[in-house]
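Enquirer: Below is the structure, and that's it, no one-letter string:
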Ligand SMILES: Cc1cc2nc3c(=O)[nH]c(=O)nc-3n(C[C@H](O)[C@H](O)[C@H](O)COP(=O)(O)OP(=O)(O)OC[C@H]3O[C@@H](n4cnc5c(N)ncnc54)[C@H](O)[C@@H]3O)c2cc1C
Ligand code: SF4
Ligand code: SF4
């Protein structure tokens, strides 16, 4: 029986947001505060906005408190610039850092339950890379809500938008962008619960669709982070910027990939290989376990690659050990209680008595849909697409360049969320009532193809193959041969995926169909990561080429890559904005191309 | 130590297209530290790709993967096979969707419907206390925050609602009560009366008969019943 795909209904609105995570909710709240009668629709893949990935962010968000005599916005800007390995855009860095505290107050005034100091003001803590006086000493810059800062943002953002009459469409997928003549008019949406496809026409469409961590086998990211936004942009002929900039956390817990914080190493945890040798001494003789994140990640990956890792039989994933057995009980109980409990809960090990399995875990995608400093999406020629915006992890403005500092992501959500909203409010005021009406047919062809395929592969198996080749060949270490191997595998997997049959025939809550569509997105995102990584013959931030281990000035640019046909890319470049340096203000020389040395 | 278990899952399934309900048995080998979400994924990947179930973060922070296993509402991302065998004393498990909203397919329920209870108590500050200088944060002492901070940790997984007998009738349910209680205890909320009216309404705290089932099942270990007891005593 063949399934036919057609649009059931068409809905009109002022603003359509693809996503309902932290970035989406902050943006929506601002639009609704400024224009209370605007029709705002937010889409989410999960069963309710609160289940979005932002809810898992733990540590905190960076913001310089103007009352703090020790810190300054300029220091925050510098740390971000240096951390990015001189590839962040300085106009964006300036905007975000300058508006940070105001956005913290926005959240506080609307009920976020920030942790407090004895005076009743917001508590602050320090994080890697937070410094004063341009790297001199560390500084307390991150505000937080215990170990659930992201949840605090989500609860506040969801509450505020609910209060102001937003419409959420939960458990749905944006499957096709409506775009023509450099204008965007909305998108096609698959409502999973109803098994229906609808068309939503909007004056403004905002991508806030989050990350792409599922590209890799071990990731701290949620199951829905399949890079849908990036794939939709590519399919519409738009470029993705810096896809090769992917961050890995050195110690994810095997197999779920859950984040085991840096603290484990700072309190004296020792990394050991299969022979139980402490191997960090071979990679960083002085700093050992305390070397920077990317160095530790590469050391662990080297041990694994050279056969000195251990294979976890339950998850079929290689790892090394972190040894915490020698630490006094007091350290276990007072300094690392949550992480200890993670090992207990997810791998049933007692870190006081047993070795714990860890390995690098994919964590964050710096690359994304290119936008200008107002979140307006740009094409390959850097012209803006009218009515189309991007914000949050799916976007690249770029605040993080080639390496993101901890606590800077959720800051980006709330600051850029607000800035984008201001633009959108202006745009919908001027926009006439009748909206761009674009014919749709891509989604129908695509989904008919999925339902018509008859091959016998298992989608899960194909996905696992993709995730393991990306982890083995294109994660913390990259070489020309490795990347080329991965590209070959991706091509093969794409072909097999195209033939894979779907057993479930109904459209309502057909999880397999969703996974089939997601697999196409994952393959597309993996492919552009590979192609961009191949082209960048240098090492920069999180992108490390074994065969080109140093940063080169010739590559001081952002990669732009478009790929309408799978595997046939078009590469371009965007200049890195150095306006702070060029303006020649206070300590401008710190914003030149500097070394990233800690 | 056993490294794998041969387990049997009796899964309550539902097909909305044919409006058919049935119990399907899956037998598989599962590693000791596989979690129930990993087990379900293994079934999807190797045996039956049509079995629908929900999850998102898969580390106990989002509350999407709640289901009933041998009758107990829990987060399936937190249940390791080895622990399940020990806890329930069997290798056979009945897996059911949470009974807090209509089933969409198999183990997936209409979470949006379950959330209607939360929406009714207005999970936001209705009328914020304005600051003298609006550039400032409110001062909240750590002691004040300590009184209600546990109630803010709720992730709306609805396990408590499933366990609470009263929630199956008119009671708004333990987590909705928490959402209201937080805002009564939060000094930044001015609109206390509307909240108290809701809390002491016919669907409110007096429906609770203090069984403490909510506290017992809460995966975040929130003593929900304690907060409800405070509300009953008028001690918020
Ligand atoms: C474990 C962990 C800890 C972290 N801790 C920190 C921290 O302490 N500090 C920090 O700054 N950062 C942290 N991060 C990073 C940060 O959490 C994320 O980068 C950020 O939350 C992303 O927010 P977002 O709004 O862009 O996307 P998300 O919150 O991921 O939201 C994306 C939304 O889009 C929806 N969506 C996606 N695709 C579609 C589609 N096709 N159709 C419809 N809807 C769609 C999703 O359902 C979701 O609602 C952490 C990340 C992890 C994994
Ligand atoms: S204590 Fe009250 S709210 Fe909790 S389960 Fe029992 S009846 Fe329900
Ligand atoms: S109170 Fe606990 S069990 Fe109930 S919804 Fe919240 S987190 Fe879940």
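Expert: Received, thanks. Keep in mind the model is a prediction, meaning the values are calculated, not measured. Ligands and ions are numbered 1, 2, ... in the order given.
Enquirer: Reduced to three states, what does the residue of the stretch 301-450 of chain A found nearest ligand 2 come out as?
Expert: Of all residues in the stretch 301-450 of chain A, residue A:345 sits closest to ligand 2, at 23.7 Å by Cβ to the nearest ligand atom. Yep, even glycine has a C-beta here, placed from its N, CA and C like the rest. Under DSSP: H, G, I helix; E, B strand; the rest coil, residue A:345 falls in the helix class.
Enquirer: ok, it - contacts?
Expert: If a contact means Cβ atoms under 8 Å, 6 or more residues apart in numbering or on different chains, then residue A:345 has B:60, B:78, B:80 as its contacts.
Enquirer: which regions of the chain lie under the pLDDT threshold?
Expert: No chain specified, so I'll use chain A. Counting by pLDDT under 70, chain A has low-confidence residues at A:1-2, A:433-436, A:598.
Enquirer: wait, I meant chain B there
Expert: Ranges of chain B meeting pLDDT under 70: B:1-2, B:132-135.
Enquirer: all strands of it, in order?
Expert: Remark: strands assigned in chain B by DSSP state E are B:4-15, B:20-31, B:66-69, B:72-75, B:92-96, B:103-105, B:108-109.
Enquirer: Which positions in stretch A:488-501 come out as buried?
Expert: Buried residues in stretch A:488-501, counted by 16 or more other Cβ atoms under 10 Å in any protein chain shown: A:489, A:490, A:493, A:494, A:496, A:497, A:500, A:501.
Enquirer: Next, check these against the helices and list the overlap.
Expert: Residues of the buried residues of stretch A:488-501 located in helices (DSSP state H): A:489, A:490, A:493, A:494, A:496, A:497.
Enquirer: which ones are touching the closest residue to the first one other than its chain neighbours?
Expert: The spatially closest residue to residue A:489, leaving aside those adjacent along the chain, is residue A:469, at 4.6 Å (Cβ to Cβ, 6 or more residues apart in numbering or on different chains). When the contact criterion is Cβ under 8 Å, 6+ apart, the partners of residue A:469 are A:485, A:486, A:489, A:490.
Enquirer: any idea how far residue A:421 is from residue A:469?
Expert: Going from residue A:469 to residue A:421 by Cβ to Cβ, to the nearest Å gives 40 Å.
Enquirer: Could you report the neighbour count for the spatially closest residue to residue B:106 that is not a sequence neighbour?
Expert: Distances taken as Cβ to Cβ, 6+ apart place residue B:52 nearest to residue B:106, at 4.1 Å, with adjacent residues excluded. Close neighbours of residue B:52, defined as other Cβ atoms under 10 Å in any protein chain shown, add up to 26.
Enquirer: next one: residue A:267
Expert: Neighbours of residue A:267 under the rule other Cβ under 10 Å: 17.
Enquirer: pretty sure it is touching residue A:336, no?
Expert: Yes: using Cβ atoms under 8 Å, residue A:267 is in contact with residue A:336, at 6.1 Å.
Enquirer: I figured residue A:128 was touching residue A:262, is that so?
Expert: Yes: in terms of Cβ under 8 Å, residue A:128 counts as a neighbour of residue A:262; the distance is 6.7 Å.
Enquirer: The two: which has the busier surroundings?
Expert: For residue A:128 and residue A:262, the more surrounded residue by other Cβ under 10 Å is residue A:262, and the numbers stand at 21 against 16.
Enquirer: Then residue A:462 would be within a strand, right?
Expert: No: under three-state DSSP, residue A:462 falls outside any strand and is assigned helix.
Enquirer: need the contact list for it.
Expert: With Cβ under 8 Å, 6+ apart, residue A:462 has these contacts: A:493, A:496, A:497, A:500, A:519.
Enquirer: restrict those to those near ligand 1?
Expert: Counting by Cβ under 6 Å from any ligand atom, nothing from those sits close to ligand 1.
Enquirer: Let me know the closest of these to ligand 2.
Expert: For the contacts of residue A:462, the nearest to ligand 2 is residue A:519 (41.7 Å; Cβ to the nearest ligand atom).
Enquirer: can you tell me the distance between the two ends of stretch A:396-405?
Expert: 15 Å (Cα to Cα, to the nearest Å).
Enquirer: neighbours of residue 43, just the number please.
Expert: Chain wasn't specified; assuming chain A. By other Cβ under 10 Å, neighbour count at residue A:43 equals 25.
Enquirer: Correction: the question concerned chain B.
Expert: Neighbourhood size, residue B:43 [other Cβ under 10 Å]: 21.
Enquirer: Check whether it really touches residue B:29, as I assumed.
Expert: No: in this structure residue B:43 lies outside contact range of residue B:29 using Cβ under 8 Å: 11.7 Å.
Enquirer: Write out the residues of chain B neighbouring ligand 3.
Expert: B:63, B:154-160, B:174-175, B:178, B:217-218, B:220, B:222, B:224.
Enquirer: Among those residues, which lie within helices?
Expert: Short answer: the residues of chain B next to ligand 3 in helices (DSSP H) are B:159, B:160, B:174, B:175, B:178, B:217, B:224.
Enquirer: export those residues to TSV and tack on neighbour count and distance to residue A:562?
Expert: Shown next, in TSV, are those (neighbours: other Cβ atoms under 10 Å in any protein chain shown; distance: Cβ to Cβ, whole Å):
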residue	neighbour count	distance to residue A:562
B:159	28	46
B:160	29	49
B:174	30	51
B:175	30	46
B:178	27	48
B:217	20	50
B:224	29	52
